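>>> Return a 3D structure for these sequence lines:
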Amino acid sequence: CMGSDCGPGGSQSRAVWCAHVDGWTTLHTNCDQSQRPSNQQNCFRVCDWHKDLYDWKLGAWNQCVSVSARTFGGMRPYVCNGGEEGIQTREVGCILKSDESPGDDTICEYFEPKPRLEQACLIPCPQDCVVSEFTPWTSCSKTCGTGLKNRVRSVLVPPLFEGSACPNLTEFQTCKPGPCKGPEGVYSLRVGPWMPCSLPISRPVRQAKRRKGKGGARERPGVKDPDTRELIQKKRTRNRLNRQESPFWDIQVGYQSRTVSCAHRNGSTVGLSRCLPRDLPLTVQSCILTKDCKLSEWADWGPCSKACLDPDPESPRGQRTRTRRVHQFSVGEGEDCPPLEETEPCDPQGDGVLPCATYTWRTTEWSDCRVDSLLSQQDRRRSNQTGLCGGGLQNREVYCVQSLPTTALSSRPVDSKLCGGPIPYTSQLCHIPCPIECEVSPWGAWGPCTYENCDVQEGKKGFKLRKREISNEPTGGPGNCPHLVEAVPCDEPSCWDWRLVRLDECIPDGELACGSGTQIPQVQCVNSTGDMVDKELCGGAPAPEPIACDVPCPKDCVLSSWTSWSSCSQTCSSKTIEGKQLRTRSVLAYNAGEGGGMCPNSSSLQEVRNCNEHACTVYHWQTGPWGPCTEDPSASALNTTTGPRSAAGPNTNGQGPCSQGMQTRKVICVRVNVGQVPPKKCPESPRPGTMRPCRMPCKKDCIVTPFSDWSQCSPTSGNIQKKKQSRKRIILQLPANGSQDCPEVLEEEKDCEARKVCPGYRWKSHKWRRCQLVPWYIREDSPGAQETCGPGLQTRAVSCRQLDGAQADIGECLKFASTMPPITQRCQLPCQDDCQLTNWSKFSSCTADCVGVRTRKRLLVGRSKKKDKCKNTQMYPLSETQYCPCDKYNAQPVGNWSDCILSGGDRVESLLGMKVQGNIKECGQGYRYQAMVCYDQDNRLVETSRCNSHGYIEEACIIPCPSDCKLSEWSNWSRCSKSCGSGVKVRSKWLREKPYNGGRPCPKLDHINQVHHEKHSQDCPGKTLYSIMNSHCQQCYIYRISLFCIVLYRTFIDVAGLTRTDLSTYKTPLIMS
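Numbering: from 1, shown residues only. Okay, the predicted model is just below:
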């Protein structure tokens, strides 16, 4: 995608060509032009900074669907062996992180390949429900008439993975033991509702009534044995502790009754004897007196959770709570307790409340401007180059700090969630000026031969100088320019000389109006530097003499003035090289008639003179680059150092002058085309300086923020059990110019301290009290009732304890413990005719997880062993069986499958991006791998070694091998179409097999799938040279075709007749001729 700006304004193009259904290319005219796809479209030009804005959004994996269902549209009957292969799919899309709006997938694909859309999965074999055999039929529910009997069966293996459901576990069947003697169905029992629970008359009242009726009571003799009294006292104490004496419960066991009558089918009530011998339902039972929950008054409101005043009215308010305690829990069917705690919003009250802390964004200083971060978008090969210029990018870090009354530069970073408002930009465009190269003018003319120092002229050599000037303002000043003065030694130097200023007008001789004359030169006396001096100093040098000239007469030939002398053809002279200069003039008007001066011949219209006659020994001073600016000891007293920049940051970027320094450079004398020579060869006067003053840049120490607070403890990715917390500090200012470096440690990490274990709470259930029956005087009239046995009710105490067993307030268990265990239950005191059994034993140990079973047993006691009804295992089972708890571990895949890796460990090498043929295996069966995690039966993460030893899932895969296009062998050559000259022979190859899986494509074939080959016969006698050369050229073309026809070279002939190579298909080295 190409474009000048990042974003949706780019465009991209693609190649579009016409192809045959078999894949080979043909002319565009063979395709319908109206259906031609577009070769250009708009696109989103992706830049590196888009990586922080876009990311892949991964949807959840859908249900595993069998491959057969996807392929054939429905399930096919098959025999399941270990599971069925399936495929899971999910939705993957590129989104904008800020609002999760969808974006083009190409944006995210620029940074990371698109995650896998589907993966293989395993559908376990369905497990049908397995049930046991039916038990024998039970006895008939009636002794006469029509009754019911049933039989049951149990579930051995429950259904799993959509296996067939369990069938009915109970079957009923009518039974008729025999006809009833009385009229069956005439009478039926009618049972009324239970009356409200009420307390029986207390024992002292009954005893008083009994004593009153008997005329007095016997005195109970006391126990005189002290040991016996002590045992009785201990038992009473133990019984009192086991009683329900908690202040939170007031449990009273009472009784309730209901009426049971016998009714005729016409609705009239008759005596119960008509409904006998049927089993009569209970007419009286124990019950718990209903009591509602009682609570205390609300306590005072607690402190407000927000202890500061927030000036923002929209900020969240604080919360305060109040509680109340339970005085009496509900008992029986009483009303449950309402909530014991309530909260309400609040604001802090009082005069001394401080304002809430506010938070603001802070930024570090901008980094240096970098051009490569933008340049690498277009040409990544240049991203490591230095010295780049132009548009670039600057970055900085943004962090959140608490706003303090005295703003400090290095405030402690806090969590970014505390800062509101827009986040400052973390990058901005910048510009690095490109360097301006030094440009100089052409060399001027060589000056006169002068002494190097006119004050000391004896024994000194002379020099001629020429100069050039700087014509622009280069980057870094004139120090980066080439030398501006060159010198050549010369003889007979002079410090002063005459300089021609101008020539006076030509004055004809003899006071004539025209003809030959002279021009008087106007001169000045100048020194070696060109400055005008007194004329007496030039007395030793001859002054320029008058110059001959011509004033044309009316009929004379008129010539133009001489042009300026051209530049010298050589910079110096030697025995073989001599410099020349040329000037010319032209004829303006030819002579007019007799008496006029004739025009000169053409050779007289130009003049040539020697120039640069000095020897080719040119010298100049050459300078090296200026060295770094170092502190000048002579100016150390004047040096000062400024402190670090303010938070705003000056525009000097830390490079402001802070002290006086000195720079030096190397200056050598150089002879042109030779190299360095002794300094005395160059004139001393134009020698550049070797030292210059400079201003040293300010030193900047590294400035970092204090460490942030330790982060909250969170598990690391490597070890679920190990928890780490970290803190960091941020660099606000990088060091510069040899100042104090930044600390090496910017981020610290430590193990989390062992968290204080909150005191756990649990309910403690005390021993059940004895089974409490309805008083005998109430139920003694009930049919079949016995005084010491029957159904009753028992209670127990429940208290709140810490995990270590210490006593705790019951309110803690209401908050943190599980559901309170029941404090009442039905019980049965066995009668002599009832079946009595021992308590259940503990379950047996398991033989195998998930597939084994465990059992527990009980036994009949006493006379129950001999009673037939007690031997009925349906009514009184003596053993129970249940499945062992599953302690297996479940492996779950994580992430995507790897690429298919061929077996054998061969690694595919590459040469210039193309596959290397030979012994390297490139296709066939391999394996792909996927990471896994291991869960236990409670879905908790455990070590992967519990699931398997290597920690990954392995699956076989296949890389299909390519098959090349296969042609037949060459046919025999046909007969030549001509006996001499340019004829044609033909031989053919036929298509035997098309390519697939990326094999080499077939060459272009004609309509009958043939490849033609042409060849010429012998030349005819007397053929011209032109014909022979043409024949050779045709043979060369034929040779290229023969190279193609030999499949080794993998070339093809396109529609224009050109030989091309399909590198994208073969990716193998080509042997070209």
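>>> Leaving out chain neighbours, which residue sits closest to Glu118?
Take Glu118 and drop its neighbours on the chain: the residue closest to it by C-beta to C-beta, 6 or more residues apart in numbering is Thr89, 4.6 Å away. Quick note: C-beta positions are derived from backbone N, CA and C, even for glycine.
>>> how far does stretch 856-863 sit from the chain's center?
When distances are taken as C-alpha atoms, centre = their mean, to the nearest Å, stretch 856-863 is centred 67 Å away from the chain's centroid.
>>> Give me the contacts around that stretch.
Stretch 856-863 is contacted by residues 832, 835-844, 870-871, 876, 878-880 when judged by C-beta atoms under 8 Å, 6 or more residues apart in numbering.
>>> Could you double-check that Met598 sits in contact with Leu559?
No. Met598 is beyond contact range of Leu559, at 11.5 Å (criterion: C-beta atoms under 8 Å).
>>> more crowded one of those two?
Using other C-beta atoms under 10 Å, the more surrounded residue of Met598 and Leu559 is Leu559, with 18 against 9.
>>> Identify the residues contacting the more buried one.
Leu559 neighbours (C-beta under 8 Å, 6+ apart): Pro552, Arg585, Ser586, Val587, Leu588, Cys599, Pro600, Leu605.
>>> Leu902: how many residues sit nearby?
Neighbour count for Leu902, taken as other C-beta under 10 Å: 19.
>>> Correct me if wrong: Asp304 contacts Gln319.
If you look again at residue 304, you'll see it is Cys, not Asp. Yes. Between Cys304 and Gln319 there is a contact under C-beta under 8 Å: 7.4 Å.
>>> Find the residues that touch each one of these two.
By C-beta under 8 Å, 6+ apart, the residues touching both Cys304 and Gln319 are Cys346.
>>> Which of these two has more residues huddled nearby?
A direct count of neighbours by other C-beta under 10 Å for Cys304 and Gln319 places Cys304 higher, at 19 against 13.
>>> Would you map out the domains in the protein?
With domains defined by the TED database, the chain comprises 7-70+80-123, 130-178, 434-473+481-503+522-533+580-590+605-624+662-694, 695-707+725-748, 759-831.
>>> Tell me where the stretch 501-650 of the chain is predicted with low confidence.
Along the stretch 501-650 of the chain, segments meeting pLDDT under 70 span 595, 635-650.
>>> Next secondary structure element downstream of the host helix or strand of Gln394?
Element membership for Gln394, per DSSP states H and E: strand 390-395. Next helix or strand after strand 390-395 toward the C-terminus (DSSP H and E): strand 398-403.
>>> what pairs with that following strand, and is each one parallel or antiparallel?
Pairing partners of strand 398-403, with direction, according to DSSP bridges: strand 358-363 (antiparallel), strand 413-414 (antiparallel).
>>> Ramachandran coordinates for Leu814?
Main-chain torsions, Leu814, degrees, to the nearest 10: phi -60, psi -30.
>>> on that earlier part again, compare the strands paired with strand 398-403 and report which one is nearest to Ser968.
strand 358-363 (75.1 Å; C-beta to C-beta).
>>> which residues touch Pro177?
For Pro177, the contact set (C-beta under 8 Å, 6+ apart) comprises Cys140, Lys142, Thr143, Cys144, Gly147.
>>> Could you tell me which of those residues count as buried?
Among these, the ones that count as buried by 16 or more other C-beta atoms under 10 Å are Cys140, Lys142.
>>> Farthest-apart pair in the contacts of Pro177, please.
Using C-beta to C-beta, the contacts of Pro177 reach their maximum pairwise distance at Cys140 and Cys144, which is 9.3 Å.
>>> before we move on, back to that, using CSV, lay out the domains of the chain together with distance to Val270.
Converted to CSV, the domains of the chain look like this (distance: least, C-beta to C-beta, whole Å):
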stretch, distance to Val270
domain 7-70+80-123, 66
domain 130-178, 19
domain 434-473+481-503+522-533+580-590+605-624+662-694, 122
domain 695-707+725-748, 84
domain 759-831, 16
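>>> Tell me if Asp227 really is in a strand.
No. Assessed with DSSP: H, G, I helix; E, B strand; the rest coil, Asp227 is helix; it does not lie in a strand.
>>> chain center to the longest strand anywhere in the chain, what's the gap?
If you go by DSSP state E, the chain has its longest strand at strand 924-935. Mean-position distance between strand 924-935 and its chain equals 23 Å (C-alpha atoms, centre = their mean).
>>> Alpha carbons of that strand, in PDB - could you do that?
Extracted as PDB, the C-alpha positions of strand 924-935 are listed here (Å, rounded to 0.1, in the frame of the first residue of the first chain):
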ATOM      1  CA  GLY A 924       5.300 -36.300   3.600                       C
ATOM      2  CA  GLN A 925       4.000 -37.200   7.000                       C
ATOM      3  CA  GLY A 926       5.000 -35.100  10.000                       C
ATOM      4  CA  TYR A 927       3.700 -34.000  13.400                       C
ATOM      5  CA  ARG A 928       2.300 -30.700  14.700                       C
ATOM      6  CA  TYR A 929       2.200 -29.700  18.300                       C
ATOM      7  CA  GLN A 930       0.100 -27.600  20.600                       C
ATOM      8  CA  ALA A 931       0.700 -26.400  24.200                       C
ATOM      9  CA  MET A 932      -1.500 -27.700  26.900                       C
ATOM     10  CA  VAL A 933      -2.500 -27.000  30.500                       C
ATOM     11  CA  CYS A 934      -3.700 -29.500  33.000                       C
ATOM     12  CA  TYR A 935      -6.700 -29.300  35.300                       C
END
